[in-house]
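>>> the amino acid sequence is not available; the structure is as follows:
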């Protein structure tokens, strides 16, 4: 039941993260972006307080995006505050600072690569690698292979990514 619950939280987080960003960036619907961002923040925070592995991933994504200056809308700031408040009140399970730093670095590389690589490199493989932010996927897979993470956390993260992309597809179809 443990990883099934985490999988649901990862799915909700990925889906509502992308839908919220698209509502803000493309649809210019600030209220929708905020409401969906709050759902994402609650799902991400719940996963963070529930699992040290998820904490490394979600805190890594949050800090990596912050360092890459991707926290660029009021909906990001409000959802960041909600995430921090929930996690501060409920606490974070024990986690490895080294693993957390690895996840932060992977998320930062993904965000910088996503924004800059296609503008500077014409290699299709490299562009696809950063378009779909594969650094974090590879890092989480390797952490699972060496036994730092359970392989099911990698599956949960893949579900996050699949539903992140699915939300983008849904947004385009709806709007």
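Received the coordinates, thanks. Because the structure is predicted, anything quoted here is derived from the model rather than measured. Residues are numbered from 1 along each chain as shown.
>>> separation between the residue most central in space within the chain and residue 30?
Centroid-nearest residue in the chain, with CA atoms, centre = their mean: residue 61, separated by 5.0 Å. Taking CB to CB, to the nearest Å as the measure, residue 61 falls 22 Å from residue 30. C-betas here are computed from N, CA, C, even on glycine.
>>> my guess is residue 159 contacts residue 7. True?
Yes. Counting by CB atoms under 8 Å, residue 159 does reach residue 7; the two are 5.5 Å apart.
>>> so how far is residue 142 from the nearest residue to residue 91 once chain neighbours are set aside?
Leaving aside its chain neighbours, residue 91 sits nearest to residue 49 (6.3 Å; criterion: CB to CB, 6 or more residues apart in numbering). Residue 49 sits 25 Å away from residue 142, going by CB to CB.
>>> neighbour count winner among the two?
Taking other CB atoms under 10 Å, residue 49 and residue 142 do not tie; residue 49 has more neighbours (17 against 14).
>>> tell me the predicted confidence for residue 131.
Per-residue confidence (pLDDT) for residue 131: 89.
>>> residue 144 now?
On the pLDDT scale, residue 144 gets 98.
>>> for residue 110, same thing?
96.
>>> quick one, helices of this protein?
2-25, 30-50, 52-67, 74-90, 97-120, 124-131, 134-145, 151-174 (DSSP state H).
>>> least reliable of those going by mean pLDDT?
helix 124-131 has the lowest average pLDDT among those, namely a mean of 90.
>>> show me which residues of that one are buried.
Judged by neighbour count using 16 or more other CB atoms under 10 Å, the buried positions of helix 124-131 are 127, 129, 130.
>>> do the same with stretch 6-14
Within stretch 6-14, judged by 16+ other CB under 10 Å, the buried ones are 6, 7, 9, 10, 11, 12, 13, 14.
>>> hmm, who's touching that stretch?
Residues from elsewhere that reach stretch 6-14, judged by CB atoms under 8 Å, 6 or more residues apart in numbering: 39-40, 43-44, 46-47, 50-51, 54, 58, 152-153, 155-157, 159-164, 167.
>>> run the chain-centre distance for that stretch.
10 Å (CA atoms, centre = their mean, to the nearest Å).
>>> same check, this time on stretch 74-82
14 Å.
>>> now swap in stretch 25-43 and tell me
That offset, for stretch 25-43, works out to 14 Å (CA atoms, centre = their mean).
>>> hey, which of the helices of the chain is tucked in deepest?
helix 52-67 (a mean of 23; mean count of other CB atoms under 10 Å).
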